[in-house]
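Participant: fold the following.
(chains A, B and C)
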Amino acid sequence: MTDAPVVLWFRNDLRLADHRALKAAVASGRPIVPVFVLDDISAGPWAAGGAARWWLHHSLEALAASIEERGGRLVFRRGEAAQVLASLAEDVGATACYFSRRYEPWAIRQEKAVKDRAEKGGIEVRRFAGSLLMEPERVATQAGDPYKVYTPFWRQIASVYKPERPLKAPETLNGPKSQPRSDRLEDWSLLPRRPDWARGFADVWTPGEAGAVERLDDFLENSVAGYTEERNRPDLASTSRLSPHLAHGEISPGQIWWRTASARAAASSGSMAGPGDKGYETFLKELVWREFSAHLLFHFPTFPDEPFRAEFSRFPWSEDEAGLVAWQRGNTGFPIVDAGLRELWATGWMHNRVRMIVASFLIKDLLIPWQSGEAWFWDTLVDADLANNSASWQWVAGSGADAAPYFRIFNPTTQGQKFDPDGVYVRQWVPELAQLPDKFVHDPSAAPPETLASAGVELGATYPAPMVDHKVARVRALDAFERLKK
DNA sequence: TTTTGAGTTGTTCGA
DNA sequence: GTCGAACAACTCAAA
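Facilitator: The predicted structure is shown next:
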């Protein structure tokens, strides 16, 4: 027996409940030194973007507070994880380091460096299952290959995965006798200043473990029943909005599965499974899409950078810098596209249906490479997740696994009319169109001049004229994809 | 090894 | 206004 401390390395698992590494550290009976390492070096180009850093700051504040309530203290240090952890272990005389696994290529390299360095110094390293339902090594086709099609992957997970009651957060955390040096979180400059573009974020989000659980409970109580249909409606608050909490590990997918299954059982007890029952399964399927993306990235580490289908490297992309900027700012002249990109800028998040619409527009209407959209989302999304982001962009581009067929080109006007039928979403984020009648709110350029005038809209002045003719752009995209086949 | 059935999210056109 | 077919062929997963 020893009472040398255990270093508990927090990564994208910023919670105390359902945390295996933490549970093992507590069970060891030794003092615990919890630490978060800001390691932009190991992450390289995929270091957290601006919006995710805002979230990270607040999530770390919340985590530090709940550790403190339990008698511990979260240490903040900055630098290359292998080096930082070794030096922290030395400072406190720790002989072990526990952490949750991550699955991104850079994080796998980072873990290996941590392990090599620690073991050289005689530190025991224990790695625990991380942010997935199942370890990627354990999910394979009968031939032993990774799944490349979603539906069989889903069937496999649904039949093999056994939901387990999530681990409770420990009630006390014993620290070491003397506290190690720590940075001050405020000195990391994770929050934007001048300009403070995150001003509106706090109205919408509550980063931290408690906020995550509250969000899930609210969803299961109020929205899951109608989820199958309403999840496509950006004008309704019908999705879970758990993505940023999941991305930072404030809640685990296992917790989500367990609570969803429990809520489903409670809802159907005493009555036949009603039409509302479908919502639970649809929701779990979305959770498994996240899983699918993570497994794909694990098996195919170039996913964020290169098209999964190699022939797409020959695609005739356009170098349209001005077009990219118009898209980023939400000045395309297509209301639903602009609404989405402005929602993203204002809140760090965009409804998933709208993500598909804006992505299709960038790729297929403007012929701008999906990597440009991926990079913008990386910097602006509070839920930025390397696997989800790259898999989803490649899905829209048609270059991904199980991707959309090339002829699936979203019509931004039709999509707006279909999924934001009363224009509520557009009017919220594109207020200069608010006075237009429903009939034209998704298609201002079709409105008669007097309608525009009385709504105070002057195309090209108060709101941009459409930057492309969608009909023409569609044919151009189909043509480009046609050439790809040859 | 070969065969077979299936594959998130759409649009347009013509009957 | 509604509905079904066409838009391509290919790859994947499992029998």
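Participant: so what's the residue of the stretch 301-450 of chain A found nearest DNA strand C up against?
Facilitator: Of all residues in the stretch 301-450 of chain A, A:Pro405 sits closest to DNA strand C, at 3.2 Å by CB to the nearest atom of the strand. Heads up, the C-betas are built off the backbone N, CA and C, glycines and all. Taking CB atoms under 8 Å, 6 or more residues apart in numbering, we find A:Pro405 in contact with A:Gly398.
Participant: now A:Cys97
Facilitator: By CB under 8 Å, 6+ apart, the contact set of A:Cys97 is A:6-9, A:85, A:89, A:114, A:118, A:123-126.
Participant: surely A:Thr2 and A:Arg30 touch.
Facilitator: Yes: contact criterion CB atoms under 8 Å: A:Thr2 and A:Arg30 qualify, at 6.8 Å.
Participant: neighbour count: these two, which is higher?
Facilitator: A:Arg30 (19 against 11; other CB atoms under 10 Å).
Participant: so which helix or strand takes in the more buried one?
Facilitator: Following DSSP states H and E, one finds A:Arg30 outside all helices and strands.
Participant: now do the contacts for it.
Facilitator: Counting by CB under 8 Å, 6+ apart, A:Arg30 touches A:2-6, A:96.
Participant: give me the ChimeraX select line for these, limited to the buried ones.
Facilitator: Buried residues within the contacts of A:Arg30, by 16 or more other CB atoms under 10 Å, are selected in ChimeraX with:
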select /A:4,5,6,96
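Participant: got the contacts of A:Arg30 as TSV, with secondary structure and distance to A:Gly254 columns?
Facilitator: Formatted as TSV, the contacts of A:Arg30 follow (DSSP: H, G, I helix; E, B strand; the rest coil; distance: CB to CB, whole Å):
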residue	secondary structure	distance to A:Gly254
A:Thr2	coil	31
A:Asp3	coil	31
A:Ala4	coil	31
A:Pro5	coil	28
A:Val6	strand	23
A:Ala96	strand	24
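Participant: can you tell me the closest non-neighbouring residue to whatever residue of the stretch 251-400 of chain A ends up closest to DNA strand B?
Facilitator: Among the residues of the stretch 251-400 of chain A, A:Trp289 lies closest to DNA strand B, at 4.0 Å counting by CB to the nearest atom of the strand. Spatial nearest neighbour of A:Trp289, excluding adjacent residues (CB to CB, 6 or more residues apart in numbering): A:Tyr150 at 7.0 Å.
Participant: the residue of the stretch 251-400 of chain A closest to DNA strand B and A:Arg70: what is the separation?
Facilitator: A:Trp289 sits 35 Å away from A:Arg70, taking CB to CB, to the nearest Å as the criterion.
Participant: for A:Leu452, same thing?
Facilitator: Counting by CB to CB, the separation of A:Leu452 from A:Arg70 is 60 Å.
Participant: go on, A:Val92?
Facilitator: Remark: distance between A:Val92 and A:Arg70 (CB to CB) = 18 Å.
Participant: and what of A:Val213?
Facilitator: Distance from A:Val213 to A:Arg70, counting by CB to CB: 17 Å.
Participant: more neighbours, A:Val92 and A:Arg70?
Facilitator: A:Val92 (22 against 17).
Participant: give me the pLDDT for the residue of the stretch 251-400 of chain A closest to DNA strand B.
Facilitator: Listed pLDDT for A:Trp289 reads 96.
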